[in-house]
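# what would the 3D arrangement of this be:
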Amino acid sequence: MTKKTLGIIGGVGPLATMLLGEMIVRRTKASTDQEHMHCIIDNDTRIPDRTAYILDHTKPNPLPVMVQDAGKLVGMGVDVICIPCNTAHYFYDDLAKDTAVPILHMIRETAQKVKNLGAKKVGVLGTKGTLSTNLYQNALREQGIEPIVPDDALQDVLMEIIYEYIKAGRSISREMWQRIEDAMFAEGCDYIVLGCTELSIVNRDFALDQDSRYVDAMVTLADRAIEVCGYEHV
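Below you'll find the model as predicted:
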């Protein structure tokens with residue numbers, strides 16, 4: 001298979017972007033530098049907050065900057081693009097139609113993965129923006145899976161973790177996360193999807209996916225990007 005160059009529209013958020021780059025390197029089967037994929041990362045922190053716009057359309061629209069970034073990456077020779085932000089997939093259709101190369105869809109790839117695992121009932125953890133769009137809920141229902149989302153009180157805790165801790169560069173305690181985990185599994189979930197790339201940082205810090213009931217959407221995206229670009233993942 002011909003090797004392809006991957007472009008990453010980043011800055012959404014910045015740390016999650018760099019974690020995706022690290023994931024791709026660590027998860028690619030390679031024994032030399034030259035056996036890794038060619039990857040171009042645009043860690044563009046000018047992109048406005050996705051959740052803020054989805055919840056209030058008077059806020060700055062992220063789409064124009066993402067379209068510009070996709071065009072820059074295409075001009076640099078990438079063959080496929082990915083975006084390490086679940087909420088940004090609200091803009092996927094408009095972005096894809098204005099982009100000359102394919103864009104991987106993290107949410108659909110993750111829904112397919114949990115279907116392949118035999119899931120019947122899946123908890124989804126993400127921003128209010130992501131969950132308000134029903135992107136995950138619809139993708140899971142299309143696969144015959146019942147989606148479970150946090151109640152309002154638990155979602156407020158999750159938003160605090162994402163915005164006041166992870167995006168602010170602060171660490172959370174395992175006890176803070178345990179409240180979320182216990183509540184979701186108490187709902188009878190077969191699996192929990194980490195449907196926000198900031199939560200991939202929690203996964204990294206606490207090794208959540210050592211528990212096989214966790215599915216990290218960004219790990220799914222990394223593995224799919226590796227495959228599509230003609231490489232093997234571990």
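
# what segments of the protein are helices?
Taking DSSP state H to define them, one finds helices in the chain at 14-27, 50-55, 63-75, 92-97, 106-116, 128-133, 135-142, 152-159, 174-186, 197-206, 217-228.

# how about the ones you listed in JSON lines, adding mean neighbour count, distance to I41 and mean pLDDT?
For every residue, glycine as well, the C-beta is placed using N, CA and C. What follows is the helices of the chain, written out as JSON lines (neighbours: other C-beta atoms under 10 Å; distance: least, C-beta to C-beta, whole Å; pLDDT from 0 to 100):
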{"stretch": "helix 14-27", "mean neighbour count": "18", "distance to I41": "6", "mean pLDDT": "96"}
{"stretch": "helix 50-55", "mean neighbour count": "20", "distance to I41": "18", "mean pLDDT": "95"}
{"stretch": "helix 63-75", "mean neighbour count": "18", "distance to I41": "9", "mean pLDDT": "98"}
{"stretch": "helix 92-97", "mean neighbour count": "14", "distance to I41": "17", "mean pLDDT": "98"}
{"stretch": "helix 106-116", "mean neighbour count": "21", "distance to I41": "16", "mean pLDDT": "98"}
{"stretch": "helix 128-133", "mean neighbour count": "21", "distance to I41": "22", "mean pLDDT": "94"}
{"stretch": "helix 135-142", "mean neighbour count": "19", "distance to I41": "24", "mean pLDDT": "98"}
{"stretch": "helix 152-159", "mean neighbour count": "14", "distance to I41": "27", "mean pLDDT": "96"}
{"stretch": "helix 174-186", "mean neighbour count": "14", "distance to I41": "28", "mean pLDDT": "95"}
{"stretch": "helix 197-206", "mean neighbour count": "22", "distance to I41": "14", "mean pLDDT": "94"}
{"stretch": "helix 217-228", "mean neighbour count": "23", "distance to I41": "12", "mean pLDDT": "98"}
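
# per-domain residue ranges of this structure.
Here the domain parsing of the chain from automatic domain parsing is 6-105+220-228, 107-217.

# any chance of a markdown table for these, columns distance to V234?
What follows is these, written out as a markdown table (distance: least, C-beta to C-beta, whole Å):
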| stretch | distance to V234 |
| --- | --- |
| domain 6-105+220-228 | 5 |
| domain 107-217 | 13 |
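
# what score does M1 have for pLDDT?
pLDDT, M1: 77.

# burial of it, as a residue count?
M1 has 8 neighbours, counted by other C-beta atoms under 10 Å.

# and it, how far is that from I24?
17 Å (C-beta to C-beta, to the nearest Å).

# and for the residue lying closest to L208 once chain neighbours are set aside, the neighbour number?
Once flanking residues are discounted, L208 sits nearest to Y214: 4.7 Å by C-beta to C-beta, 6 or more residues apart in numbering. Residues within reach of Y214, counting by other C-beta under 10 Å, total 20.

# I'm done for today, thanks for sticking with me.
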